[in-house]
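> Fold the following for me, if possible:
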Amino acid sequence: MSNNQPNQPPRPPASRSPYPDATLVMHRIEHKHSRQGLLPPPSTSPRRVTPKRRWSLGWIALGMLAIVALALGFGYWQIHRLAQRIVVADPRGPAITSPLLGANILVVGVDIRRDRPEEGIRSDTLILVRLDGIGGWANLLSIPRDTQVDLPNRGPSKINAAYAYGYYHATELYGDGVSAEQGGMAFAADTVSQFLNFEQRSMRVDYVVQIDFDGFAALIDALGGITIEVPRRIVDEAYPTPDYGVMQVVFEAGPQRMDGARALIYARTRHADSDFGRTERQQQIVQAIVSEIRQRNWFERMLLLPRILDAVTQTGDTPAVLTTLPLANFDTLLAMGRLAANLDPALIGRYRIEPGTVAVRENGTNLIWDADNVAALVNRWLTPPGEASERARVQVLNGASVAGLARRTSEELSANGFTVLAPADAPPGDYPRTVVYQAGNAPFTARRLAQLLGAEMVVGQPAGVYSEAEIVVILGRDRTP
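Next up, the predicted model:
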């Protein structure tokens, strides 16, 4: 009779492995060693679990500080190494003040890498920067290259000839051991100080930065490019080429990303309008450079100066940038750090000596500016940015086709302390919303006005509008009763 249960299949025979069960073998070994006294008796208490080691907040903070210190040290070493190539002594003597406490810095754009020496040295860009590191603000003042000044042994001359005169007479003006570039920088600074009558203010141009075309392009490329809001379409049919020819250049209106080569063309083109339009574009580029720096985090900013210095020192045997700024000094680095952290690019004061701002008369192609008007403009340039220094005029244009709307809005703005010009109609078009246009150097006033009206603010002149006002308001249908 079978031992199998009904309806249950027989069990399969057990497989016989040539290898013993590992668990059974270990059990036998432990039992044998335990009997011989080689293993301690098994513990009945629960097993102790050793916690994983954790880093305290103090150690983490110390590590982060060490990393920052190493980065700062490396950055300072890089700055000190590269500064030795581009920082030169000022033959006029040490500066009166430092960038941290408020200094006047002259930026001279030159073209000295020319293969036609008979054409002389060109210095067509003169921008004076008022830099206040503690206050965290900066103002720009552009001086037209055709401005008339008196030069030694030459009499009435254009101000852009001052650099060339100092370049070719460096030893005569400042003594032995002074290079041509140092002489050009120093004499350009002295000439600008004299033109702006700084001596009566117990001031001078404290520092000079000389930059040529290669250095300009290298600086912008080191930033990865800049973004420019082109206010209107520009067509220059005679832009000069490196081989002394001409070509056509076109810039469409609107925001554009530019590398160094493209930004250089934008800064130099002038045949589509004038030298005054060119100075406006040059100030735009300065503002865009600051904006590009501000978009980076603090660690990237910390390493940015060495990267820029490295870029501008790789442009040839002679550095494309020379400066009397003591870049490796602590107060200079602190001033630049504070500006990078606090300076709003939209609030950089942008002033230009130009008709409409300063009375002018012509002596041939030379421009003779009214001294009192220039002094008043310098007072504004020396004043920290704000509504009081802007003295902005506002003009209201009616785009809503409602009779009397521009007049009533103008009266409302005048009651709120704005300086208002006569109202007028906007050019034909559809204006669904009110827009405040910052056409001139008045960012603080434009912002307050936009807040008061609940309107959008746009930098630039509205299309088809020709107004003397720094701010133009076009009323849209949203302002109708």
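> Leaving out the residues flanking it, which one is nearest to the residue nearest the centre of the chain?
In the chain, the residue lying closest to the centroid (CA atoms, centre = their mean) is Val290, at 1.4 Å. Distances taken as CB to CB, 6 or more residues apart in numbering put Pro345 closest to Val290, at 4.4 Å, once the chain neighbours are dropped. Backbone N, C-alpha and C define where each C-beta goes, glycine included.
> Run a quick neighbour tally on the one you found.
Burial measure for Pro345: 17 neighbouring residues, criterion other CB atoms under 10 Å.
> Name all residues that make contact with it.
Counting by CB atoms under 8 Å, 6 or more residues apart in numbering, Pro345 makes contact with Gln287, Ala288, Val290, Ser291, Arg294.
> Show me which of these are buried.
Gln287, Ala288, Val290, Ser291 (16 or more other CB atoms under 10 Å).
> correct me, but Asn416 touches Leu452?
Yes: using CB atoms under 8 Å, Asn416 is in contact with Leu452, at 6.4 Å.
> shared neighbours of those two, anything?
Going by CB under 8 Å, 6+ apart, no residue sits against Asn416 while also sitting against Leu452.
> quick revisit: among the contacts of Pro345, which one sits closest to Leu325?
Of all the contacts of Pro345, Leu325 sits closest to Val290, with 16.4 Å by CB to CB.
> Can you give the contact residues for whichever strand or helix holds the residue nearest to the centre of the chain?
Assigned by DSSP states H and E, Val290 falls within helix 275-294. The contact list for helix 275-294 (CB under 8 Å, 6+ apart) reads 109, 125, 127, 138, 140, 142, 144-146, 219-220, 223-229, 263, 266-270, 301, 304, 340, 343-346, 348, 350, 352, 354-355.
> from the residues you listed, which ones fall inside helices?
The helices, defined by DSSP state H, take in Leu219, Ile220, Ala263, Tyr266, Ala267, Arg268, Arg301, Leu304, Ala340 from these.
> a markdown table please, covering those residues and showing neighbour count, pLDDT and distance to Ser274.
Output for those, formatted as a markdown table (neighbours: other CB atoms under 10 Å; pLDDT from 0 to 100; distance: CB to CB, whole Å):
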| residue | neighbour count | pLDDT | distance to Ser274 |
| --- | --- | --- | --- |
| Leu219 | 21 | 91 | 26 |
| Ile220 | 25 | 93 | 24 |
| Ala263 | 25 | 95 | 20 |
| Tyr266 | 22 | 94 | 15 |
| Ala267 | 24 | 92 | 14 |
| Arg268 | 20 | 90 | 13 |
| Arg301 | 16 | 73 | 36 |
| Leu304 | 18 | 77 | 34 |
| Ala340 | 18 | 75 | 33 |
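> Return the member of those nearest to Thr332.
After measuring the ones in helices among the contacts of helix 275-294 against Thr332 - CB to CB - the closest member comes out as Ala340, at 12.6 Å.
> ok, now how distant is the closest one from Thr323?
Distance of Ala340 to Thr323, given as CB to CB, to the nearest Å: 18 Å.
> what's the answer for Tyr351, then?
Taken as CB to CB, the span from Tyr351 to Thr323 is 22 Å.
> go on, Gly399?
Taken as CB to CB, the span from Gly399 to Thr323 is 48 Å.
> who has more neighbours, these two?
It is Gly399, of Gly399 and Thr323, that has more neighbours when counted by other CB under 10 Å, with 26 against 21.
> The more buried one: what's its closest spatial neighbour, skipping adjacent residues?
In space, Gly399 is closest to Tyr431, 3.3 Å off (CB to CB, 6+ apart).
> any idea of the pLDDT on that neighbour?
Model confidence at Tyr431, given as pLDDT, is 93.
> and whichever helix or strand Leu333 is part of, what does it pack onto?
Assigned by DSSP H and E, Leu333 belongs to helix 330-342. Judged by 3 or more CB pairs under 8 Å, 6 or more residues apart in numbering; DSSP states H and E, helix 330-342 is in contact with helix 298-312.
> buried stuff in the helix it packs on?
The neighbour-count check on helix 298-312 (16+ other CB under 10 Å) flags Arg301, Met302, Leu304, Leu305, Pro306, Ile308, Leu309, Asp310, Ala311, Val312 as buried.
> on that earlier part again, select only the buried ones of the contacts of helix 275-294 in ChimeraX?
Of the contacts of helix 275-294, the buried ones can be selected in ChimeraX as follows, counting by 16+ other CB under 10 Å:
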select :109,125,127,138,140,142,144,145,146,219,220,223,225,226,228,263,266,267,268,269,270,301,304,340,343,345,346,348,350,352,354
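> Output the below-cut-off pLDDT ranges for the stretch 201-350 of the chain.
Low-confidence segments of the stretch 201-350 of the chain, defined by pLDDT under 70: 315-318.
> Of the ones in helices among the contacts of helix 275-294, which pair is most distant in space?
Taking CB to CB, no two of the ones in helices among the contacts of helix 275-294 sit farther apart than Arg268 and Arg301, at 28.6 Å.
> Quick check: end-to-end length of stretch 454-474?
End-to-end distance for stretch 454-474, by CA to CA, to the nearest Å: 13 Å.
> which of the residues in that stretch are buried?
455, 457-458, 461-462, 465, 467, 469-474.
> Stretch 205-225 too?
By 16+ other CB under 10 Å, the buried positions in stretch 205-225 come out as 205-223, 225.
> what do you get for stretch 190-198?
Asp190, Thr191, Val192, Ser193, Phe195, Leu196, Phe198.
> can you tell me the distance between the two ends of stretch 125-144?
End-to-end for stretch 125-144, by CA to CA: 8 Å.
> Repeat that for stretch 157-166.
14 Å.
> distance between it and the chain's centre?
Mean C-alpha position of stretch 157-166 versus that of the full chain (CA atoms, centre = their mean, to the nearest Å) differs by 28 Å.
> any idea of the mean pLDDT in that stretch?
For stretch 157-166, the mean confidence score works out to 93.
> contact partners of that stretch?
So stretch 157-166 is in contact with 108, 110, 120-124, 126, 143-152, 154, 173, 183-188, 190-192, 195, 365-366, going by CB under 8 Å, 6+ apart.
> Could you pull out the helices in the stretch 301-450 of the chain for me?
Here the stretch 301-450 of the chain has its helices, by DSSP state H, counting those that start in this stretch, at 330-342, 371-382, 387-390, 405-415, 443-453.
> just these: most buried one?
helix 443-453 (a mean of 20; mean count of other CB atoms under 10 Å).
> Give the pairing partners of the next helix or strand after it; include direction for each.
Going down the chain from helix 443-453, the next helix or strand is strand 456-459, by DSSP H and E. If you go by DSSP bridges, strand 456-459 pairs up with strand 435-438 (parallel).
> List the buried residues in the strand it pairs with.
Val435, Val436, Tyr437, Gln438.
> Let's have the residues you listed in TSV, adding distance to Pro481 and pLDDT.
Formatted as TSV, the buried residues of strand 435-438 follow (distance: CB to CB, whole Å; pLDDT from 0 to 100):
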residue	distance to Pro481	pLDDT
Val435	19	94
Val436	20	94
Tyr437	24	93
Gln438	27	90
